[in-house]
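Novice: The following block contains a protein sequence and its predicted model.
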Amino acid sequence: MQETTFVMLKPDCVQRGKIGRVISRFENKGLRVSAMKMIEVDNKTASIHYKEHEGKDFYEPLLSYICSGPVVVMALTGDSAVKVVRKLMGKTDPKDAAPGTVRGDFAIDISRNIVHASDSQESADRELSIFFDDEEYLEYHRIEEEWIYP
Ligand code: CMP
């Protein structure tokens with residue numbers, strides 16, 4: 001089923017020059033970038049995005065980290081996009097993330113785990129609405145979609 005999920009390339013990804021390599025993983029799999037921009041996240045937006053973690057010991061450091069430098073936010077669309085992106089990304093703690101996943105290959109510290117992606121379609125809808133307006137989604141088709149969805 002066609003889904004659209006939310007992905008954020010975090011400040012460590014941007015500052016370590018991995019933007020292109022991480023996006024390539026998603027593009028190579030066959031997902032379509034349907035919206036994308038580089039932004040700086042303010043504290044209020046970060047607190048809305050990460051509200052499920054409020055009160056946890058890593059919450060305040062997480063907010064200040066996400067606000068510490070530019071991030072790239074994107075919407076990725078494709079067959080089972082939520083699950084596919086989570087698999088490509090690997091486990092939250094890069095030490096447990098399998099080799100071949102983004103976190104398994106590019107990160108080692110849980111607080112600098114390079115990328116965030118929605119864990120369900122419900123989260124994706126909520127997170128996409130925080131970062132994107134309707135007019136920011138652009139319509140086009142990847143060639144693969146013509147044979148997957150004739
Ligand atoms: P993310 O997928 O963006 O969701 C919440 C983030 O909190 C997580 O990735 C980690 O970067 C960060 N974090 C820091 N410490 C922890 C922890 N002990 N457990 C889970 N997430 C943590």
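Specialist: That came in fine, so what should we check first?
Novice: going forward, measure contacts between C-alpha atoms and count neighbours the same way
Specialist: Fine.
Novice: Could you list the residues in contact with the helix or strand of the chain with the lowest mean pLDDT?
Specialist: The helix or strand of the chain with the poorest confidence is helix 143-148; it has a mean of 74 (mean pLDDT, DSSP states H and E). Residues from elsewhere that reach helix 143-148, judged by C-alpha atoms under 8 Å, 6 or more residues apart in numbering: G30.
Novice: How far does it sit from its chain's centre?
Specialist: 23 Å (C-alpha atoms, centre = their mean, to the nearest Å).
Novice: Next: stretch 27-42.
Specialist: A distance of 7 Å separates the C-alpha centroid of stretch 27-42 from that of its chain, computed with C-alpha atoms, centre = their mean.
Novice: Equivalent analysis for stretch 138-150, please.
Specialist: Relative to its chain's centre, stretch 138-150 lies at 22 Å (C-alpha atoms, centre = their mean).
Novice: Can I get that stretch as CSV, trimmed to CA atoms?
Specialist: Taking Å, rounded to 0.1, in the frame of the first residue of the first chain, the C-alpha atoms of stretch 138-150 are listed here in CSV:
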residue,chain,number,x,y,z
LEU,A,138,5.3,17.8,-5.3
GLU,A,139,3.7,15.2,-7.6
TYR,A,140,5.7,13.1,-9.9
HIS,A,141,6.3,9.4,-10.5
ARG,A,142,9.4,7.4,-10.3
ILE,A,143,9.9,5.1,-13.3
GLU,A,144,9.6,2.0,-11.0
GLU,A,145,6.1,3.0,-9.9
GLU,A,146,4.9,2.6,-13.5
TRP,A,147,5.6,-1.1,-13.4
ILE,A,148,4.7,-1.7,-9.7
TYR,A,149,1.5,0.2,-10.1
PRO,A,150,0.5,0.0,-13.8
